[in-house]
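Visitor: predicted model and sequence follow; I will ask about them next.
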Amino acid sequence: MALLESIKIPIGTTMPEFELKDAFGKSYQSKELAGDRGLLVVFTCNHCPYAIAVWPRVLQLAKYALGMRVNTVAINPNINPDFPDDAPDKMVLKVKELGIGFPYLVDETQKTADAFRAQCTPDIYLFNKELKLVYHGRIDDNWKDEEKVSREELKEALNNMAAGRPIDVKQMPSMGCSIKWKS
């Protein structure tokens, strides 16, 4: 598993449009996913140790964001026969195991991950109500141990966006396993 960091994407970039299905077969269009104040997009998977470590925080932040009228969507780009733990049937199990209350979508063609320029799992994007990028970075400053977190950067970005305050432009990249590109 190659460790990668998310790449710098200009703040203000418009969210790429997409249409994807979840592991249950329900289709979602990107335009319909956003809440009144924005959308949190998390490229993630089932097998990566980095993604596994932060899934509980993603769930907590999704609930927190929903209270601010920001919706969440997770997208799995690792639909690759060499990684059966990330297959849609295993995503169904993950949804049930964790009680994921937001869409967890299958990026079968990996075109959505490519359009976002996603690099790793997790790779995290926060878009405002105009679907312009306001944050692209890590959840917090300690992916390994939630007890040792001293700065919750994504939560700060959510708070500032909801309050109409500026979001710090110095954003630390997310890091995780490389996306398992098919070719």
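Guide: Yep, that arrived. Computed from a predicted structure; not experimentally measured. Numbers count the residues shown, from 1 in each chain.
Visitor: ramachandran angles for the spatially most central residue of the chain?
Guide: Per Cα atoms, centre = their mean, the C-alpha nearest to the average position across the chain is that of residue 42, at 0.5 Å. Backbone geometry at residue 42, expressed as degrees, to the nearest 10, gives phi -120, psi 110.
Visitor: need the contact list for the closest residue to it other than its chain neighbours.
Guide: In space, and not counting its chain neighbours, residue 42 is closest to residue 74: 4.8 Å by Cβ to Cβ, 6 or more residues apart in numbering. To be clear about C-beta, it is placed using only N, CA and C from the backbone, and glycine gets the same treatment. Counting by Cβ atoms under 8 Å, 6 or more residues apart in numbering, residue 74 makes contact with 42, 43, 44, 58, 100, 102, 103, 104, 105.
Visitor: right, and the residue nearest to the centre of the chain touches residue 59 too?
Guide: No - the pair residue 42 / residue 59 is not scored as a contact, 10.4 Å apart, by Cβ atoms under 8 Å.
Visitor: in three-state terms, label residue 135 for me.
Guide: State at residue 135, reduced to three classes by DSSP: H, G, I helix; E, B strand; the rest coil: strand.
Visitor: where's it relative to residue 65, distance?
Guide: 11 Å (Cβ to Cβ, to the nearest Å).
Visitor: same check, this time on residue 168
Guide: In this view, residue 168 and residue 65 are 18 Å apart by Cβ to Cβ.
Visitor: elements contacting the longest helix anywhere in the chain?
Guide: Ranked by residue count and defined by DSSP state H, the top helix of the chain is helix 49-66. Applying 3 or more Cβ pairs under 8 Å, 6 or more residues apart in numbering; DSSP states H and E, one finds that helix 49-66 contacts strand 38-43, strand 70-76, helix 88-98, strand 120-121, helix 153-163, strand 175-178.
Visitor: can you rerun that using 10 Å?
Guide: Secondary-structure packing of helix 49-66 (3 or more Cβ pairs under 10 Å, 6 or more residues apart in numbering; DSSP states H and E): strand 3-5, strand 38-43, strand 70-76, helix 88-98, strand 120-121, strand 123-128, helix 153-163, strand 175-178.
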